[in-house]
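In: only geometry, no sequence info:
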DNA sequence: TGTTAGCACTCATTTTAACTGAGTGCTAAC
DNA sequence: GTTAGCACTCAGTTAAAATGAGTGCTAACA
């Protein structure tokens, strides 16, 4: 049996319609709504073939047909036409996100939110992370007689800090001196590279500060580890409640549970073909390995931040989600992020908001 | 008509039962389950009175009674006995939260999560904030030839940073010198207090760095403003889906929408009698001003962090939530937070987690 | 040989009606 | 003042019937 052009047109009609209505679609409806120039009976014959080929299925004998996973796959891989963003969508994106690389977290949060609003699906965004974080600069700064802060600049431009408390806090000048020494010791090193012999020497040199130096190193290590912990931003989880496929509260609850577990989300965003990780990937229904998300599809991609940092963006909707629009929107966002980051790398000012 | 002791006992039975079952309760059930020594008929008479007094109401003629808002109010204000936490609950709290003041955000996140798990309601926690933030210390640190970071320590012990980019970044020593000068200028000042005359003088002094100094001040101001923006942690939103009163998806969606809006949450936590803000407050059903949360009650309190900083914790559940347990748990958490902060203020080490 | 009209059949959904049972209010007797 | 008894109410459940969208098959048509 061949998948001729007419069959494909019918399949496309079924998928388009089902994406819009979430209702099984029958031969008569297709004949009426999409004038393919053939009668319902003919369509029925073709549908019967399409079912046998596995592209569509029937919820029960007397219902219309719905696309199968295989059907969606064919659709997104071959049939789907990429859509231009509308004027409104463009404008929305422009206004919703203040692309400000000085506040990455804020930007990621806004990105997640904007995507969720625009697509009315759920979005998940991870912060850009480099694989191995190394230390670019350390600076100790005074707070008061019992406290100092260790500020660590990492090579992915993240800046982290940690409070150090104790009874022997050096004064500002001393802190500067110590900072300089520590810097020459650890600059460019990752956590694993820090030579504990050198550290011991330094601790020995500043015995008058008690275990202050030790505490500093503890703080630095804790900081780097913290950085290696991935941040995840989610938005629009409630959007899914609007779709009839999740009107069963028990089902919805399961999905929500998944979204509250960070590790799950990270796994989710990590799925798919890694070799072409920067392209947009579409994971349909059961293709993901999570039982709870069997009725969901995921449109995801990586985005690059500078040379080594990679972040992930995923949009999660019902299997019958609007793939075409979703892909367009995601493409646009990634392009925008790239621009910002390009400007950033070129040393231009990203601008302060307000 | 007087609210005699017997009426109160009946009312208490109704509320207790309704909290547990979410089903209207009738006279016969009360007679059977709570042996008050009177017959259903008598209970019926008393219930009739209680209804007239406005403490209970009937969903429809042939249903049992449910507590009214007024009924709950009487209950939480006068009848409710405070409950000891069980051994398990104590243990859970102890293990779930690593009380580490060096990572306040993390601690708050864990607190929200632990409360949500323990109560199976939704929790909202805001970070401790002082009313007016003033600057304690500023330190500029080098990143590379085109970038430096401004690290600002605020008097609420928050440490914030901001990247500054430009073509004329001073070297490390110069940054230290400039840091010292800026410090003497702004130390102890709030944003509004910064004297622009002094700033101008400083800018004039370092003309060779272009607008670097200006950028620094811009960064500092932006940082303080950012700090004044309240962070909110939410957890357990999906818990509400488990309650029969929210099994209507449309209703649930409304509530979820509210929880995705930060401003709403802040308003919510700000409700209630401010004069006794550190006591636990209970806002029942429609007593809050949000239409969407008409079927929810809120148990909330402030917690103090050091002398001037205040954070808020709220637990949100259905109107028939288990007030007694919720209050106990909330009490315990606030006590625990107080202890940590006490230790912190005394200069002891809060400990690094790993 | 491909297309289509016609028809009997299927089955989820909707509609309707009867039944059930928890609960009430009232009255009269204890 | 308390309680047993009884008629009444009404949401919820169950069962049966009606509806209608959709199918597969067959036979006729172009």
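Out: Now that the structure is in, tell me what you want to look at. The structure presented is a predicted model; accordingly, all values stated were derived computationally and were not measured.
In: middle-most residue in chain A, spatially?
Out: Compute the mean C-alpha point of chain A, and by C-alpha atoms, centre = their mean the closest residue is residue A:313, 2.3 Å away.
In: If we ignore the residues flanking it in sequence, what's nearest it?
Out: The spatially closest residue to residue A:313, leaving aside those adjacent along the chain, is residue A:125, at 5.1 Å (C-beta to C-beta, 6 or more residues apart in numbering or on different chains). For every residue, glycine as well, the C-beta is placed using N, CA and C.
In: on that earlier part again, residues contacting the residue nearest to the centre of chain A?
Out: Residue A:313 is in contact with A:111, A:115, A:123-126, A:269, A:300-303, A:330, A:333-334, counting by C-beta atoms under 8 Å, 6 or more residues apart in numbering or on different chains.
In: Check which strands are paired with the helix or strand encompassing the residue nearest to residue A:313 and give the direction for each one.
Out: Element membership for residue A:125 (DSSP states H and E) is strand A:122-126. Strands that pair with strand A:122-126, judged by DSSP bridges, come out as strand A:232-235 (antiparallel), strand A:309-318 (antiparallel).
In: Quick check: the gap between residue A:78 and residue B:14.
Out: Distance, residue A:78 to residue B:14, using C-beta to C-beta, to the nearest Å: 64 Å.
In: The two: which has the busier surroundings?
Out: Each of residue A:78 and residue B:14 has its neighbours counted (other C-beta atoms under 10 Å in any protein chain shown); residue B:14 has more, 27 against 9.
In: The strand or helix carrying the more buried one - contacts with which helices or strands?
Out: Using DSSP H and E, residue B:14 sits in helix B:5-21. Packing contacts for helix B:5-21, counted by 3 or more C-beta pairs under 8 Å, 6 or more residues apart in numbering or on different chains; DSSP states H and E, involve helix B:27-33, helix B:40-52, strand B:66-67, helix B:69-74.
In: And stretch A:82-100, how far out from the chain middle?
Out: Taking C-alpha atoms, centre = their mean, to the nearest Å, one finds the center of stretch A:82-100 at 18 Å from the center of the full chain.
In: ok, and does the helix or strand of chain A with the lowest mean pLDDT reach over to chain B?
Out: The helix or strand of chain A with the poorest confidence is strand A:129-130; it has a mean of 72 (mean pLDDT, DSSP states H and E). No: on the criterion C-beta under 8 Å from any C-beta of the partner chain, strand A:129-130 is out of touch with chain B, staying 15.0 Å away.
In: After that strand, which helix or strand is next?
Out: Counting by DSSP H and E, what follows strand A:129-130 is strand A:135-144.
In: Give the partner strands of that following strand in its sheet and their orientations.
Out: strand A:147-154 (antiparallel).
In: how far out from the middle of the chain is the strand it pairs with?
Out: Using C-alpha atoms, centre = their mean, the offset of strand A:147-154 from its chain centre is 29 Å.
In: where does chain A have low pLDDT?
Out: Applying pLDDT under 70 to chain A flags the ranges A:1, A:100-103, A:131, A:271-277, A:307-308, A:341-354.
In: Centroid-wise, who is the farthest residue in it?
Out: residue A:208 (48.3 Å).
In: Many thanks, I have nothing further to ask.
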